[in-house]
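Asks: how does the following fold in three dimensions:
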Amino acid sequence: MKKNRLIRFPDRLKRCKKNLMIMKWCVVFICLFTLNLSADVYSQKNIVSLDLSDVSIGQFVKAVKQQTSLKFMYNSSIVRQAGNISVKVENKELKDVLGMVLGQVNLEYEFFNNVILIRAKDEKKSEQLQRTVRGCVKDEKGTPLPGVTVVLKGENLGVATDVNGNYSLSFLDQKNLVILFSFVGMLPVEVKYTGQDTINVVLKEDVEKIDEVVVNGYFTRKKESYTGVSTTFSGSELRKVSTGSILNTLSMLDPSFVKVVNNEMGSDPNTIPSFEIRGSSSLKSTFEGNPNMPTFIMDGFEVSAQKVFDLDPTRVRFITILKDAAATAIYGSRAANGVVVIETELPKAGKLQFSYNGSANFEVADLSDYNLMNAEEKLEYEVRSGLYETKDQSPEYADDNLTSYNQILKLVKEGNDVDWLAIPVRDVGIGHKHSVMAEGGNETFRYALDISYSNTVGVMKGSKRDNYGGGVRLQYNLKKLKFMNYTSFSHLKSVNSPYGSFSSYTYYNPYYNPYDEEGNIKKILYSYQYYDEGVKTKPMYNELYNATLPSKNQSIGNYFMNNFSVEYDVVQGLKLKANLSLSVDNNKSDAYVSNENTNFIGKELRGSYSQSWSNSFSYDINVVLTYVRNWKKHFLNVGLIYNLRESNTDATSLSAVGFPNENMDHISMGTSFTEGGRPGGSYNISRLIGFVANLGYTYDNRFLLDFSLRSDGSSLYGANNRWSTFWSLGVGYNLHNEKFMEGVSFVDLLKIRGSIGTTGGQNFNPYQSMTMYSYNDSRISGISYTGYMGVLLKAFGNKNLKWQKVEKRNVGLDFELLDRRLRGSFNVYSDLSKDVLIDVTVAPSLGFSSYKENLGEVKNSGVELTLKGTVIRDMDRDIIWDLIFNLAHNKNKVMKINRALTAFNESQDAEVKNKPTIRYKEGLSQNTIWVNESLGIDPATGEEIFLDMNGNKVNEWSTANYKPFGSTDPKVYGTIGTMFVYKKWELNAHLYYKYGGYLYNSTLVDKVENVNPNENGDKRILYDRWNAPGDIAKFKKVSDVSETKPTSRFVEKENYIQLQSLSLGYDFSNDKLRKVGIQRLKVSAIGNDIFKSSTVKMERGTSYPYARTFSLSAQVTF
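Replies: Predicted structure coming up:
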């Protein structure tokens, strides 16, 4: 943001007193008569003691402010040129001190209603005509803004807008006057005065200003005096990038917030993605739950990732990612993976106002990574693979092959070439979102009502996700008390596609039509023979046929939440706040498969129905006591927190089979349970209690200190280790506030900081520290215990199971240069996870296979760089051009394992098939790719040659020759973004890049080598496989149908760039629309995941395709 170097408000007028009746902000400047009248009054009340030698006027002002409640305003250039002063006084009236000091440098002062104006003595009062300008200041939504500062640029004269956003500014007429409008968190606006009587202004949100404040869910801190690492984005900034889930949007803006790639489920609207901050802190596949997911805090209370995923983006005020120990330690046992804090919109004072946000969303399946053979190519491949071989075959078998070939050749010649990929996907999936908010009130009582509906259809036919929601927020201010309550309800219905897995359609041969000659859908597309201890026949069933049958695969959820808070200003600087959150979450899932489904062909009991439901209740209590004091050069911020949380879930499930008729689609119509099955269920309860002490201290706004201490008790851990303590220490140094930096005009902010501390992790299911049993129902097992039900040992407990802890270290630098045209931060971090939970394998003779123990260590270390630059900021021509560059690097390393993980590796070896499995080794990343090293395909034979552990060439693949061959962890990754504003147009674009990682190309395995000749595959089968001696090829000979196991041939370097977001918006707001009651109208077009260019050519979205999304949105305020 471009600074006004002529006028400086050192305290930014952020602490104006409230008017006792209706004013939110007091008037900062009043008329000259009041100024003169008040001078003696204020001077007599202020006594100061100073001992300063050879300091600037700015340092003198800072010293006076620390001993008084007065504010100062002055011309920066005049004060800078005045030179240094010295003063030593004891208990002197301020008016005398000011006269004595300012007289040394030819300056004078005037009192201006608790504001001291400093100016040059030779400034003469003009006798020009007095002018008055009136108007109203509003935000982009058309909401009046109280407390906006309206000043003459370069002059010491200004006012503040009232509660309705109105102002009246009087001044002496002169040439080249510019009126400056500024407000905390908004971009300033400059308007040239050319004699207008009325000037109305709309202020836009300033993302840069939002970055100046950190909200961690408990406290709000000024970022300049904060030592933690955090990133903040406003709700409007998120909505410019995407109209979809804010979590997906967040991963586009901050590379440290990584969306874990799910190549199987692609863009399935009903699959909640996983996210990580600064890598994986826990070992994968060692225990249930999602141990690497960050903690989500919304309006001070923890919520699930699903609730945030489904949150209406228009409700978001801002969202903050907390990363290091100094930022996250206040959450103790829940902070190992970072914390995401969401603050929702608060009701605004003023007349009743309605706002509407709506969008139409268009999704198109991205199938550009699929490169399947057409009908002619597929037949050619079948011939090369020997499928129709007649040589050395029995006459009968040879005739059958020849007949089959001729039949298929006839189909190909007739033009049968079905695009199977297009059958299960929509041409265009059209969804829509709507939200309406009504808000208003006054300084005493405010209210807001919000209603929303979201319909996301996805690209697979029949899939959708519908969200209905609504809430009422009330806020009541009574002197020192403030009450707030938000009650919300949401209804979710998710429906999965009846067309089955998308991958099924990629295997169908293109020369077979899904319909018969009469136009009916075939149940069986074709059959083929294969040899497995004799000749057998396998039918290829038509998934399209199953899609036409009655079916059900859906989930319905209802969520109720009530958040209540009361805040009491005990005395100046001391505040007590209590919060209570109650939530109820009920979910029900149904999955019905018709008895005519091809999965039941040949089975006695046909048709199935699975049903499950769960009821959850939780409460969360926070009591926060904060004390803030500022005296002399010291600033102190102390917080004490008490936190109590309990969550319980009761779940039941059952499955039935044997449905006589396809229309009998209720679970009660099943004839029996599934084989060996019975009703299931679980009851989980977890409790957490925590005590927190937090201290923030600043000396002279130069030296910074943050300390946090939290003690948590949790029911998730062993009885002998219920409690644990977490802490953090952060220090910082504002180098730009040093005296020797005053002459360095191009540096606006330069802060060095560091932090160290511990946090904990508990993102796993309850009872893993306890010995558990399961019932052995004799009626099902066939074992009789004289009519009684027995129990089986299910899991052995560990009373000594400890908290998984992460030691976090971070060193960083924040800077703002060239009048804030260049802003950025740099961080180097190291996170060491200790006492990581591992499954310890024991002898089966003990009656159980494993138990939980704290044995592992994992380290994540890396760097993060953020640069934001303003190329153009021309407010006269309404042009703004910003560039953003983010870079991140994270290195994951397993530091310690034991025999338990060695046994895990061995079990993985026993299950190895055609893709690498997870293996752990000290010193290597969890994401290391383990394969046999390949020397390529022998040009003479078309067979693969391997290199064993001793460096010898071998022809056989072996688990004994497993080697680490790269990691999926990239060397660097990040985003590149730009924002360009011209008058009422705004363009935003965001690119994501990734460089240096490796990937095992599963498509080369499934669709090029491990391919059944009777099924379709990638074109590379035909063109890139070995065919004859002398061929230099990457892939084995076509006739080799043996299974290809993990090999380095398919490990490829993954570099890619993706255009994740491109948006263009136009603000139609003008006086004509306001006359008809429309305060604001903005229309935007947004595209997401528009293209991706990668060095790896691999099928993406195998079970559910990825999608390109385009949205048209409108924001209207009445």
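Asks: V97 touches V48, doesn't it?
Replies: Yes. V97 is within contact range of V48, at 5.8 Å (criterion: Cβ atoms under 8 Å). For the C-beta atoms, the positions are set from N, CA and C on the backbone; glycine is no exception.
Asks: quickly list what's touching both of the two.
Replies: Common neighbours of V97 and V48, using Cβ atoms under 8 Å, 6 or more residues apart in numbering, are 64, 89.
Asks: residue contacts, the residue most central in space within the chain?
Replies: The residue lying closest to the centre of the chain (Cα atoms, centre = their mean) is L247, at 3.3 Å. Listed by Cβ under 8 Å, 6+ apart, the contact set of L247 reads 259, 273, 275, 305, 308-309.
Asks: off-centre distance for the lengthiest helix in the chain?
Replies: For the chain, the longest helix by residue count, based on DSSP state H, is helix 395-413. Taking Cα atoms, centre = their mean, to the nearest Å, one finds helix 395-413 lying 56 Å from the centre of the chain it belongs to.
Asks: can you name the next helix or strand after that helix?
Replies: Counting by DSSP states H and E, the element after helix 395-413 in chain order, helix or strand, is strand 429-441.
Asks: the residue nearest to the centre of the chain: which element?
Replies: L247 belongs to helix 246-253, assigned by DSSP H and E.
Asks: residues in contact with the helix or strand that that helix is followed by?
Replies: Where DSSP H and E defines the elements, the next helix or strand beyond helix 246-253 is strand 257-259. The contact list for strand 257-259, computed with Cβ under 8 Å, 6+ apart, reads 247-248, 250-251, 273-277, 294, 321, 340.
Asks: ditto for stretch 976-986
Replies: By Cβ under 8 Å, 6+ apart, stretch 976-986 touches 240, 253, 878-886, 987-991, 993, 1063-1069.
Asks: ok so, going back, farthest-separated two in the contacts of L247?
Replies: Greatest spatial distance in the contacts of L247: K259 and V308, 13.1 Å, computed using Cβ to Cβ.
Asks: looking only at neighbour counts, state which of these two leads.
Replies: V308 (21 against 15; other Cβ atoms under 10 Å).
Asks: the residue lying closest to that one once chain neighbours are set aside and Y218, how far apart?
Replies: Closest residue in space to V308, ignoring its immediate chain neighbours: F296 at 4.9 Å, by Cβ to Cβ, 6 or more residues apart in numbering. Relative to Y218, F296 is positioned 15 Å away (Cβ to Cβ, to the nearest Å).
Asks: what does T671 give?
Replies: Taking Cβ to Cβ as the measure, T671 falls 56 Å from Y218.
Asks: same thing with T149?
Replies: Taking Cβ to Cβ, one finds T149 at 30 Å from Y218.
Asks: those two: which is more packed in?
Replies: T149 (24 against 20).
Asks: looks like the more buried one contacts G158 (just checking).
Replies: Yes. T149 lies in contact with G158 (Cβ under 8 Å); the separation is 6.0 Å.
Asks: touching, G639 and N694? I think so.
Replies: Yes. The pair G639 / N694 is scored as a contact, 4.1 Å apart, by Cβ under 8 Å.
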